[in-house]
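K.L.:
No sequence on hand, only this structure:
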């Protein structure tokens, strides 16, 4: 199968073709997406039975959406699954085996620019604007949480949002304390979550519990998409691949900083007053050095 810019997942392909599928094929597509990608990893007979369709329907649909056949379809699913569970050692070995002779700075720059282009190509402005409006809505309380690596991004976002508006809380990294935060969440509040590959089980649990309380979730995840996406109102799927043992947060940070600007611009009067008060507090505590 040919794949535009190599960035589309199988779920992207299914969604892109959904409108042209027959009723039986849509039933199959919905089943595949419901427990993606696991639902597509059985035999063609098992996949058909689970979806309540015939085996020929499965064969026709995967070809209609661009795969050579069911084995090709499953191979792509296996590749995606392998990518989502890759640890730093396996990622390093994969990149090292194919590393060109250019300097690491150039390889990183090329990878980051590709990530930026691919992310912006599929990021809808309406999704971005909707997330900014949710965060700027002062009737809502805002909560933020990140995982083992992404908590640094949550902390960065929190530090800025706390200046921009009131009612912002950063959830502690210790998941055993999360029920205490959920206790204060109300219907309509916003939970901003960061969860990239090797997705953390506790994040999915928190998302489900929060959603049951009427909390609306904004998720920052990778191109393969965290299971939290099923519970999220807004999802930012961002390219994170890098020539490294580690994933890159560069484009995630770009999206975060763009949201910071969008939110503070929309409620600038409040933000201006809070900034002015904060600067007075900094002066009184002599936190920052001032020129003589």
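P.N.:
All right, it came through fine. These numbers were taken from a predicted model, which means no experiment stands behind them.

K.L.:
Run through the residues that contact residue 131.
P.N.:
218, 234, 236, 259 (C-beta atoms under 8 Å, 6 or more residues apart in numbering). Backbone N, C-alpha and C define where each C-beta goes, glycine included.

K.L.:
So which of those residues are in strands?
P.N.:
218, 234, 236 (DSSP state E).

K.L.:
what sits up against stretch 150-160?
P.N.:
Stretch 150-160 has contacts (C-beta under 8 Å, 6+ apart) with 144-146, 168, 170-171, 173, 192, 194-196, 220, 249, 252-253, 256, 259-260, 264.

K.L.:
From those residues, list just the buried residues.
P.N.:
Buried by 16 or more other C-beta atoms under 10 Å: 144-146, 168, 170-171, 192, 194-196, 220, 249, 252-253, 256, 259-260, 264, out of the contacts of stretch 150-160.

K.L.:
Distance-wise, check the spatially most central residue of the chain relative to residue 83.
P.N.:
In the chain, the C-alpha nearest the mean C-alpha coordinate belongs to residue 221, at 1.7 Å (C-alpha atoms, centre = their mean). According to C-beta to C-beta, to the nearest Å, residue 221 and residue 83 sit 13 Å apart.

K.L.:
Poorly predicted segments of the protein, please.
P.N.:
Filtered on pLDDT under 70, the chain yields the residue ranges 1-7, 86-101, 291-292.

K.L.:
all helices for it, in order.
P.N.:
Under the criterion DSSP state H, helices of the chain are mapped to 10-17, 23-34, 44-51, 55-64, 70-84, 88-97, 104-122, 125-136, 151-164, 178-182, 201-212, 250-266, 268-285.

K.L.:
Could you tell me the angle between the third one and helix 23-34?
P.N.:
Counting by axes from the mean of the first three to the mean of the last three C-alpha atoms, to 10 degrees, helix 44-51 points 90 degrees away from the direction of helix 23-34.

K.L.:
end-to-end on stretch 63-74?
P.N.:
12 Å (C-alpha to C-alpha, to the nearest Å).

K.L.:
Good, wrapping up.
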